[in-house]
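**Q** coordinates only, sequence not included:
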């Protein structure tokens, strides 16, 4: 198990336990974290799981994968250099303690 902290736009933090191999989006949905919608279920067909990876973690979460930039163009909130689709971030032991910030809106 690893811990992931979701930081809402108002600063409220929700820390949950997550399974190694699960996505950041899947973990949010399973734990009823507000701010992640995940309309497409993780198929990278929408941008309703947009998040901002905390700058301290960007090196460990890797770069955006193929197609991720295209989907982020559809994001409801501003896209920044730390923007990712949370469905594309798979949790590993190295990501224990990961912090992601959630945008004000997803749709």
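**A** That came through fine. Everything quoted here is computed from the prediction, not taken from an experiment.

**Q** which residues does residue 74 contact?
**A** The contact partners of residue 74, by Cβ atoms under 8 Å, 6 or more residues apart in numbering, come to 46, 47. The way it works is simple: take the backbone N, C-alpha and C, and place the C-beta from them, glycine included.

**Q** Distance of it relative to residue 45?
**A** With the distance defined as Cβ to Cβ, to the nearest Å, residue 74 ends up 10 Å from residue 45.

**Q** Residue 55 now?
**A** 28 Å.

**Q** Give me the contact list for the longest helix along the chain.
**A** For the chain, the longest helix by residue count, based on DSSP state H, is helix 24-30. Identification of contacts with helix 24-30 by Cβ under 8 Å, 6+ apart yields 4, 6, 16, 18-19, 22, 33, 35-36, 38, 42, 49, 51, 85-87, 89, 91, 98, 100.

**Q** Out of those residues, list just those in strands.
**A** Residues of those located in strands (DSSP state E): 4, 6, 16, 18, 51, 85, 98, 100.

**Q** any idea which of these is the one closest to residue 60?
**A** Nearest to residue 60 among the ones in strands among the contacts of helix 24-30: residue 98, at 7.7 Å, using Cβ to Cβ.

**Q** beta partners for the closest one?
**A** Assessed by DSSP bridges, residue 98 has beta-bridge partners residue 4.

**Q** Is it in contact with residue 59, as I believe?
**A** No: contact criterion Cβ atoms under 8 Å: residue 98 and residue 59 do not qualify, at 11.9 Å.

**Q** picking up where we left off before, could the ones in strands among the contacts of helix 24-30 be laid out in CSV, adding pLDDT, distance to residue 29 and neighbour count?
**A** Listed next are these as CSV, based on pLDDT from 0 to 100; distance: Cβ to Cβ, whole Å; neighbours: other Cβ atoms under 10 Å:
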residue, pLDDT, distance to residue 29, neighbour count
4, 98, 12, 24
6, 98, 11, 24
16, 98, 11, 16
18, 98, 11, 22
51, 98, 13, 27
85, 98, 14, 27
98, 98, 16, 23
100, 98, 14, 24
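
**Q** For the residue nearest the centre of the chain, give me its contacts.
**A** Nearest to the mean C-alpha position of the chain, counting by Cα atoms, centre = their mean, stands residue 86 at 2.9 Å. Contact analysis of residue 86 by Cβ under 8 Å, 6+ apart lists 23, 24, 25, 28, 36, 38, 49, 50, 51, 100.
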